[in-house]
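[1] My questions are about this predicted structure, shown below with the sequence.
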Amino acid sequence: MGGSRVNFLVPGVIALAVLSTAFTSQAIATGFERRYGVLKRLGSTPLSRGGLIGAKTTTVIAVEIAQVAILMGVGLALGWQPNAGPGAAVWVALLVLAGTAAFSGLALLLAGTLRAEATLAVANLVYLVLLGIGGIVFPLTKFPASARPVLTLLPSGALSDGLHAVLQHGAGLPVRDLAVLIVWAAVGITLAARLFRWE
């Protein structure tokens, strides 16, 4: 496998891990927890919607820490040579945390408002769409120039673009990408906290 290909794939696969864990897995699991009454029982406790969102996001972050460590180790074994500046570890952590918050908020919004079967279908569909157009599998430069500004406003586009900038191109903190993720996180978490139905 060529070095340039590995250098592109590792940041993309890290973004994919965040998307898979924080969005798809969490949406589907939470949707079926609602269906089977687990969340209804939690709703009768002092646990608030915000507390549920925070607890689920914290669990996802713990899983992602292990995933990122394994993915970086495998990438290095395959010849990955990150072109990263001195603050890269901090920038990657900020991007992953913001991406996790964004995808968790959207996952819980989906799972808290739709039936479990609909959540399963929509989460998988959104996952495939974001996988294809989010700069994870294909570089955003492969898309028409007119579409790129829109694609970088998607949470997957912002996360993969930011990770590629830091780990592949040696850039500093990608402020625009981080800001996009923070906006998605704020919107998703706010709407999930307001609209989430325990039953």
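    Yes, it's here.
[2] which strands and helices sit next to the helix or strand hosting residue 34?
    For residue 34, the enclosing helix or strand under DSSP states H and E is helix 26-35. Under the contact criterion of 3 or more CB pairs under 8 Å, 6 or more residues apart in numbering; DSSP states H and E, helix 26-35 touches helix 38-43, helix 49-77, helix 88-113, helix 116-133. For glycine as for every other residue, the C-beta is placed from the backbone atoms N, C-alpha and C.
[3] Give me whichever of those helices is most buried.
    Compared across the helices and strands packed on helix 26-35, helix 88-113 shows the largest average neighbour count, a mean of 23 (mean count of other CB atoms under 10 Å).
[4] which phi and psi does the closest residue to residue 136 other than its chain neighbours have?
    Distances taken as CB to CB, 6 or more residues apart in numbering place residue 12 nearest to residue 136, at 4.6 Å, with adjacent residues excluded. Backbone torsions of residue 12, given as degrees, to the nearest 10, read phi -60, psi -40.
[5] same thing with residue 196?
    Dihedral angles of residue 196 (phi, psi; degrees, to the nearest 10) stand at phi -60, psi 130.
[6] again with residue 160
    Torsion angles at residue 160 (phi, psi; degrees, to the nearest 10) stand at phi -70, psi -40.
[7] ok, it touching residue 9?
    No - using CB atoms under 8 Å as the test, residue 160 is too far from residue 9 to be in contact (10.9 Å).
[8] Report the contact partners of residue 23.
    Counting by CB atoms under 8 Å, 6 or more residues apart in numbering, residue 23 makes contact with 103-104, 106-107, 123, 126-127.
[9] by contact count, what packs against the worst-scoring helix or strand of the chain on mean pLDDT?
    One helix or strand of the chain scores below all others by mean pLDDT, DSSP states H and E: helix 38-43, with a mean of 72. Counting contacts by 3+ CB pairs under 8 Å, 6+ apart, helix 38-43 packs against helix 26-35.
[10] Now the helix it packs on: buried residues?
    By neighbour count with 16 or more other CB atoms under 10 Å, helix 26-35 contains the buried residues 26-35.
[11] Work out the gap between that helix and the centre of the chain.
    In terms of CA atoms, centre = their mean, to the nearest Å, the centre of helix 26-35 is found 17 Å from the chain centre.
[12] contact partners of that helix?
    Residues from elsewhere that reach helix 26-35 (CB under 8 Å, 6+ apart): 39-40, 56, 60, 103-104, 106-108, 110-112, 114-116, 119-120, 122-123, 197-199.
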